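Novice: structure for the following, please:
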Amino acid sequence: MPSLRSLRRLLVRACVGAAVSSLGALGCGGSPVDATPSSAARAFVESAQRDDARGREEVYRLMCPEAQVALAELARGSAALGSRGFEPWEMLAEGRVVVLNPPRRASAYHERSGDGEADRRIVDVFDEGGAAHPLTLLRVEGSWCVSVEIPPPERG
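Specialist: Numbering: from 1, shown residues only. Got it, this is the predicted structure:
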């Protein structure tokens, strides 16, 4: 049976972990990164540019639910084919299924309306050369997410 001291230590670690996790979803000003279309687009692009496991996880978190479900299904499908099990965000890696191509250096974000729909916005992400890379964002349950088209699995 664990001692009272080890139980306290475990409880403190769990509380600290939960606090750190909830802070990770906040921007510098203390508001969620997905509170506005522009802030969600910026967080999405910056996370995609990281090209590491934590960046892909954050990209996945900022995707709309339909894309998250599609990636989860692709991950399950790859495991069913005898591959090692993948987390849904691992399907974003090059050579797997989806490769995100945000601008390497985003210098400006410009938000515009999404065809008159209140819960849809387009954010143009301008690279340093001035080329626009449009992202579609949707408001789902009060938060903004990036709408990403996930291709269906290839049938072989």
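
Novice: list the contacts of the strand ranked longest in the chain.
Specialist: Ranked by residue count and defined by DSSP state E, the top strand of the chain is strand 117-127. Applying C-beta atoms under 8 Å, 6 or more residues apart in numbering, the external contacts of strand 117-127 come out as 37-38, 41, 45, 102-114, 132-140, 144. Backbone N, C-alpha and C define where each C-beta goes, glycine included.

Novice: pLDDT of that strand, averaged?
Specialist: For strand 117-127, mean pLDDT rounds to 91.

Novice: C-alpha coordinates for that strand, PDB please?
Specialist: The C-alpha coordinates for strand 117-127 follow below in PDB (Å, rounded to 0.1, in the frame of the first residue of the first chain):
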ATOM      1  CA  GLU A 117     -21.900  33.400 -42.500                       C
ATOM      2  CA  ALA A 118     -21.400  34.500 -38.900                       C
ATOM      3  CA  ASP A 119     -19.600  31.300 -37.800                       C
ATOM      4  CA  ARG A 120     -17.300  31.200 -40.900                       C
ATOM      5  CA  ARG A 121     -14.200  33.300 -41.600                       C
ATOM      6  CA  ILE A 122     -11.400  33.300 -44.000                       C
ATOM      7  CA  VAL A 123      -7.900  34.300 -42.700                       C
ATOM      8  CA  ASP A 124      -5.400  35.100 -45.400                       C
ATOM      9  CA  VAL A 125      -1.900  34.300 -44.200                       C
ATOM     10  CA  PHE A 126       0.600  36.300 -46.100                       C
ATOM     11  CA  ASP A 127       4.100  35.100 -46.500                       C
END
